[in-house]
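Participant: here is a sequence together with a model predicted from it:
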Amino acid sequence: MSDLKKESQAEIGPRNDLLDQHLADARIAPPLPEDLQARILADAARLQTNRHRKPAARDLFANWPSVAGLAGGALAGIVLGFFNPTLVDVTTSYDDTADEISLLEDYFAPANPFEDPL
Amino acid sequence: MTWPFTRRARETWTDAELLAAFAAGDARAASLLTERLAPPLLRFATRLLSDPVEAEDVVQDAMIKLWHIAPDWQDGGAKVSTWLYQVARNLCIDRLRKRRGTDLEDADQVLDERPSVQEHLIEKDRYDALQMALNDLPARQRQAVILRHIEGLSNPEIAIILEIGVEAVESLTARGKRNLASALASRKGELGYE
């Protein structure tokens, strides 16, 4: 007697041949309908094909706008960081009307308006 | 594990190994997994839904989910078959919920007119009698009895599928079987068991 049958009898107490026979009959697995098997395998093949196909050229360049943006930003950073600093004007006048001020010369050699030139 | 292997070699593989082979591109692994897992799944879904055509759709949907999860499957956890029963159960519950509110008499009529898969194997009266008795059980009792006494799963496996404790499974199967026995007892002669 199988373990399952012993357990079944232990669960319901007295022997129950009818129910055991019913359940034994019900354990026979039906054959898989051919069309269902075909559908299942078609799904599997489709997923497998999609998963393993080589990426097409259009997929490789699909993200070109973001890549181009990043590359452009990096190039601009390099130019600003390492090339000619004269691009930055450090002698800009305060109000755009006065003379330009040189911090070094004007501090150490200030002009004296009361000094007699003679 | 490398492939290709012969079909005979693959037949000794576990479900998890076959699933890994499928994920690696082995098409024959899908065929073997289908042969192994789909028939019991169809029997289970048919018992839960009482509708062979809907049960076929459930099996197809469950197998699609299996193909999808194949690359991420972690061997060492739940068995593939247990996971698949759980998916099929949830799909059946969804369909039963949607069906609620439809005319049950019409549904029975459709079932009667449709050739049943099981009719090829067991006598229709006995099949129907057990199905009717199962249908009268509360949902969880029905699921537990089918998984334990028809699908032959262990109580810990059923606990995973039903998402309850093992003790609760034992209680459900015991009560379910008692109820089945009393429902079928009066039909013993009618079903040709005397």
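Facilitator: Alright, I've got the coordinates.
Participant: tell me which helix or strand the residue lying closest to B:Arg175 once chain neighbours are set aside sits in.
Facilitator: Counting by CB to CB, 6 or more residues apart in numbering or on different chains, B:Gln141 is the residue found nearest to B:Arg175 once chain neighbours are left out, at 6.0 Å. Where C-beta positions appear, they are placed from N, C-alpha and C, glycine not excepted. Element membership of B:Gln141 [criterion: DSSP states H and E] is helix B:139-145.
Participant: report all helices and strands that that helix contacts.
Facilitator: Contact analysis of helix B:139-145 by 3 or more CB pairs under 8 Å, 6 or more residues apart in numbering or on different chains; DSSP states H and E lists helix B:27-49, helix B:80-99, helix B:124-135, helix B:155-162, helix B:166-185 as its packing neighbours.
Participant: A:Ala38: which of those is closest?
Facilitator: Using CB to CB as the criterion, the shortest distance between A:Ala38 and the helices and strands packed on helix B:139-145 is 9.9 Å, found for helix B:27-49.
Participant: which element follows the closest one toward the C-terminus?
Facilitator: Next in sequence after helix B:27-49, counting helices and strands by DSSP H and E, comes helix B:52-69.
Participant: so what's the residue nearest to B:Arg175 up against?
Facilitator: Residues in contact with B:Gln141 (CB atoms under 8 Å, 6 or more residues apart in numbering or on different chains) are B:172-173, B:175-176, B:179.
Participant: which of the residues you listed are buried, as a PyMOL select command?
Facilitator: With 16 or more other CB atoms under 10 Å in any protein chain shown as the burial test, the buried ones among the contacts of B:Gln141 are selected in PyMOL as follows:
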select buried, chain B and resi 172+173+175+176+179
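Participant: chain center to the helix holding B:Gln141: distance?
Facilitator: Distance of helix B:139-145 from its chain centroid, counting by CA atoms, centre = their mean, to the nearest Å, is 12 Å.
Participant: buried residues in that helix?
Facilitator: Neighbour counts over helix B:139-145 (16+ other CB under 10 Å) mark B:141-145 as buried.
Participant: how far does stretch B:153-168 sit from the chain's center?
Facilitator: Between the centre of stretch B:153-168 and the centre of its chain there are 15 Å (CA atoms, centre = their mean).
Participant: ugh, typo on my part, it should be stretch B:24-44
Facilitator: Taking CA atoms, centre = their mean, one finds the center of stretch B:24-44 at 14 Å from the center of the full chain.
Participant: how about it and chain A, any contact?
Facilitator: Yes: shown here: stretch B:24-44 in contact with chain A (CB under 8 Å from any CB of the partner chain) through B:25, B:27, B:30-31, B:34-35, B:38-40, B:42-43.
Participant: so for that stretch, what's the average pLDDT?
Facilitator: For stretch B:24-44, the mean pLDDT works out to 92.
Participant: extract the C-alpha trace of it and format it as PDB.
Facilitator: Listed in PDB are the C-alpha atoms of stretch B:24-44, where the atom choice follows Å, rounded to 0.1, in the frame of the first residue of the first chain:
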ATOM      1  CA  ALA B  24      21.000  29.300 -22.600                       C
ATOM      2  CA  GLY B  25      19.300  28.800 -25.900                       C
ATOM      3  CA  ASP B  26      18.500  25.000 -25.900                       C
ATOM      4  CA  ALA B  27      15.200  24.700 -27.700                       C
ATOM      5  CA  ARG B  28      14.800  21.000 -27.000                       C
ATOM      6  CA  ALA B  29      14.800  21.800 -23.200                       C
ATOM      7  CA  ALA B  30      11.500  23.600 -23.800                       C
ATOM      8  CA  SER B  31      10.000  20.600 -25.400                       C
ATOM      9  CA  LEU B  32      11.000  18.300 -22.500                       C
ATOM     10  CA  LEU B  33       9.800  20.800 -19.900                       C
ATOM     11  CA  THR B  34       6.400  21.000 -21.700                       C
ATOM     12  CA  GLU B  35       6.000  17.300 -21.800                       C
ATOM     13  CA  ARG B  36       6.900  17.000 -18.100                       C
ATOM     14  CA  LEU B  37       5.100  19.900 -16.600                       C
ATOM     15  CA  ALA B  38       2.100  20.800 -18.800                       C
ATOM     16  CA  PRO B  39       0.000  17.600 -18.500                       C
ATOM     17  CA  PRO B  40      -0.300  17.700 -14.600                       C
ATOM     18  CA  LEU B  41      -0.800  21.400 -14.800                       C
ATOM     19  CA  LEU B  42      -3.700  20.900 -17.200                       C
ATOM     20  CA  ARG B  43      -5.200  18.300 -15.000                       C
ATOM     21  CA  PHE B  44      -4.900  20.700 -12.000                       C
END
